[in-house]
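# Output the structure for:
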Amino acid sequence: MGSGRPTIYDVARLAGVSTATVSRALNGTGQIAPATGAAIDAAVRQLGYQPNTVARSLVTKSTQTIALLLPDIANPFYAELVSGIQQRALAAGSTMLLCTTEGDPEREEQYLSLLRAKQVDGVLVDGLVLPPERIADFVREGLPIVCLDRDIDSTSVPLVQVDNRLGARLAIEHLLSLGHTRIAHVAGAPGLRISDERVGGYRDALAAAAVEHDPALVAVGSFTEQGGYEATRALLAASKLTAVFAANDLSALGVMHAIAESGRGVPDDVSVVGFDDLRLAGHTTPPLTTIHQPAFEIAQRATQLLLDLAAGRGVPQRLHLLEPELVVRGSTAAPGLTEPM
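Numbers count the residues shown, from 1 in each chain. Predicted structure coming up:
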């Protein structure tokens, strides 16, 4: 062997087998005797051999690469998704590419076109705004796509997400059980189905308790801290309320800021419930009562579905809903004896 980079021929010579046998062993494409496999592994380690991934992809029809398209990377919830996807991908011998779209449909289409040209094995998407028929075109052209968290209106794309409507019902039922009836909702971004589902769960729980829905108690917070803050300021100025259900934990931070700035206390004057159960939820003042959605499990499930599609295995079920869970901390309590503020 020369002093250059070791080749498959060097591995075969050291292991005492043919290059075809080494290729089958490394690509997992044939039956290899245990002793032969052990000899090849030992030769690979001794030589420090790194397989040619381009050549391997020609044999296996897989680049062992998947991609994730996110609208942004500012939301800590997305960090939990990335962690779950990366762990499952690595366990399957794949790497993950991360692309941020900023909610721009042209950029989404550019990324999907580029990823298809690069022959990635598949793409996970969250929060795409590209028209569903265009996404369906990519699927028909052979690019496996799985949606997680925020869905898209396409029957050709599997979806993994938490049961958003149920999660919202759990939040409102908790507040109702404490004695609240003047419950405001700081909603998510308009036009998103997950926002609509959480509003729907809010209204379902009120109706089941025979509490009349007051449209003046709903304001848009768009899933951001600033949005939650501004929505709550408007709600406090215009309505009497004793509790707020925020569409996510980030907007709940803005809700708590606005309540404190108004001279009120959480939960003494106003109780607050979020949605997501981010890691920071347990470290707010007071710690935030919230709805836990299993981000890591959502990510792992969606990644496995994508790997199955990429391997040619069918996915008969389109919708995969995971159960939310109420996590009670210090931001909720029974309403005080004073009039609602």
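# In terms of residue numbering, what are the domains of this protein?
8-60, 65-162+295-323, 164-293 (automatic domain parsing).
# End to end on the last one, go ahead and measure it.
Between the opening and closing residues of domain 164-293 lies a distance of 9 Å (Cα to Cα, to the nearest Å).
# Show me how far that domain is from its chain's centre.
Chain-centre distance of domain 164-293: 21 Å, with Cα atoms, centre = their mean, to the nearest Å.
# now the first one
Distance, stretch centre to chain centre, for domain 8-60: 37 Å (Cα atoms, centre = their mean).
# Can you pull out the low-pLDDT segments for the stretch 151-300 of the chain?
Applying pLDDT under 70 to the stretch 151-300 of the chain flags no residue at all.
# got the residue ranges for the helices in it?
Using DSSP state H, counting those that start in this stretch, the helices of the stretch 151-300 of the chain run over 164-177, 193-208, 225-238, 249-261, 295-310.
# Not counting residues beside it along the chain, what's closest to Ala42?
Leaving out its chain neighbours, the residue that sits closest to Ala42 by Cβ to Cβ, 6 or more residues apart in numbering is Ala15, at 7.3 Å. Yep, even glycine has a C-beta here, placed from its N, CA and C like the rest.
# contacting residues around that neighbour?
22, 36, 39-40, 42-43 (Cβ atoms under 8 Å, 6 or more residues apart in numbering).
# Need the phi and psi values for it.
The phi/psi pair for Ala15 (degrees, to the nearest 10) reads phi -80, psi -10.
# strand partners of whichever strand or helix holds Leu124, parallel vs antiparallel please.
For Leu124, the host element (DSSP states H and E) is strand 122-125. In the sheet, strand 122-125 lines up against strand 65-70 (parallel), strand 145-148 (parallel) (DSSP bridges).
# Downstream of that strand, the next helix or strand is which one?
Defined by DSSP H and E, the subsequent element after strand 122-125 is helix 132-140.
# That next one - contacts with which helices or strands?
Under the contact criterion of 3 or more Cβ pairs under 8 Å, 6 or more residues apart in numbering; DSSP states H and E, helix 132-140 touches helix 105-117, strand 145-148.
# Mean pLDDT and distance to Asn248 added to these, as a markdown table?
As requested, the helices and strands packed on helix 132-140 are exported to a markdown table (pLDDT from 0 to 100; distance: least, Cβ to Cβ, whole Å):
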| stretch | mean pLDDT | distance to Asn248 |
| --- | --- | --- |
| helix 105-117 | 94 | 22 |
| strand 145-148 | 95 | 16 |
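# Same list (these) but as a markdown table, adding mean neighbour count and distance to Asp276.
Below are the helices and strands packed on helix 132-140 laid out as a markdown table (neighbours: other Cβ atoms under 10 Å; distance: least, Cβ to Cβ, whole Å):
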| stretch | mean neighbour count | distance to Asp276 |
| --- | --- | --- |
| helix 105-117 | 16 | 24 |
| strand 145-148 | 25 | 14 |
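# CSV for these, including distance to Gly221?
Shown next, in CSV, are the helices and strands packed on helix 132-140 (distance: least, Cβ to Cβ, whole Å):
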stretch, distance to Gly221
helix 105-117, 24
strand 145-148, 22
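# Looking at these, which is nearest to Ala334?
strand 145-148 (37.0 Å; Cβ to Cβ).
# Would you check the distance separating that closest one from the middle of the chain?
Worked out by Cα atoms, centre = their mean, strand 145-148 lies 10 Å from the chain centre.
# contacts for that strand?
Residues outside strand 145-148 that contact it (Cβ under 8 Å, 6+ apart): 81, 122-126, 128, 135, 138-139, 154, 157-161, 298-299, 302-303, 305-306, 309.
# List buried residues within these.
Neighbour counting with 16 or more other Cβ atoms under 10 Å marks 81, 122-126, 128, 135, 138, 154, 157-161, 298-299, 302-303, 305-306, 309 as buried within these.
# Quick one: classify the nearest residue to Pro267 once chain neighbours are set aside as helix, strand or coil.
Nearest-residue entry for Pro267: Ala333, 4.0 Å, with adjacent residues in sequence omitted and distances by Cβ to Cβ, 6+ apart. Secondary structure for Ala333, judged by DSSP: H, G, I helix; E, B strand; the rest coil, is coil.
# Now do Ala333: how many residues are near it, please.
Other residues within reach of Ala333, judged by other Cβ atoms under 10 Å, total 19.
# Next, give phi and psi for it.
Torsion angles, degrees, to the nearest 10, at Ala333: phi -160, psi 170.
# Pro158 now?
The phi/psi pair for Pro158 (degrees, to the nearest 10) is phi -60, psi 150.
# buried set for stretch 274-286?
274-278, 281, 284, 286.
# Restricted to strands, list those residues.
By the criterion of DSSP state E, membership of the buried residues of stretch 274-286 in strands covers 274-276.
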